[in-house]
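**Q** from the sequence below, what's the structure:
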Amino acid sequence: MYELKFSIRLKAILCHLTGVGGLKNVRVVSPGAVAVGETVRLECQYDLEGAELYAVKWYKGKKEFYRFLPKEDPPTKVFPLPGINVDLSESNAYHVVLRDAGFSLTGRYRCEVSADAPSFDTALVVASLVIV
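**A** Coordinates of the predicted model:
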């Protein structure tokens, strides 16, 4: 218990000294239901409170399919999953666009946002999508 209090206090001191806060107001915005063949736009909204972005990762269920790392070149990476067609030209750190929605896109989608050093705060939020 003492270690946890110390860790929280140390993090607060670092944030105060560096002027960097943590993640807040993290949420996924999903259209809820989309017709077969349509384009799906899933948004990951967040406030870094002045911190730099380390990564945004998107998962369908437990499988990662899209990653945005601003310090990489190129900053985007797609991990192939059956039925998921990421439109890289329309996807970025705040949203991922999926083309040609099929019934296999129905499921739970997670967005994981991580701030860069020194905090490395990470938040994971979930939303559902149904293809009709």
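
**Q** tell me, what residue is most central in this protein?
**A** In the chain, the residue lying closest to the centroid (Cα atoms, centre = their mean) is Cys111, at 3.2 Å.

**Q** that one against Val125, yeah?
**A** Yes. In this structure, Cys111 is within contact of Val125 by Cβ atoms under 8 Å, at 5.5 Å. Bear in mind the C-beta positions are built from the backbone N, C-alpha and C, glycine included.

**Q** list residues touching both of the two?
**A** Val26, Val28, Cys44 (Cβ atoms under 8 Å, 6 or more residues apart in numbering).

**Q** please enumerate the helices of the protein.
**A** Secondary structure of the chain (DSSP state H): helices at 2-18.

**Q** how about the strands in it?
**A** Listed in chain order, the strands of the chain (DSSP state E) span 24-29, 33-34, 40-47, 53-60, 63-68, 76-78, 95-98, 107-115, 122-131.

**Q** what bridges to the closest residue to Pro70 other than its chain neighbours?
**A** What sits nearest to Pro70 in space, not counting adjacent residues and going by Cβ to Cβ, 6 or more residues apart in numbering, is Leu53, at 5.5 Å. Leu53 has these beta-bridge partners by DSSP bridges: Ala115.

**Q** quick one, grab the pLDDT at Leu53.
**A** pLDDT for Leu53: 93.

**Q** give the full set of residues in contact with it.
**A** Leu53 touches Pro70, Ala93, Val113, Ser114, Ala115, Asp116, counting by Cβ under 8 Å, 6+ apart.

**Q** mind putting those into JSON lines with neighbour count?
**A** Formatted as JSON lines, these follow (neighbours: other Cβ atoms under 10 Å):
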{"residue": "Pro70", "neighbour count": "15"}
{"residue": "Ala93", "neighbour count": "16"}
{"residue": "Val113", "neighbour count": "24"}
{"residue": "Ser114", "neighbour count": "19"}
{"residue": "Ala115", "neighbour count": "23"}
{"residue": "Asp116", "neighbour count": "16"}
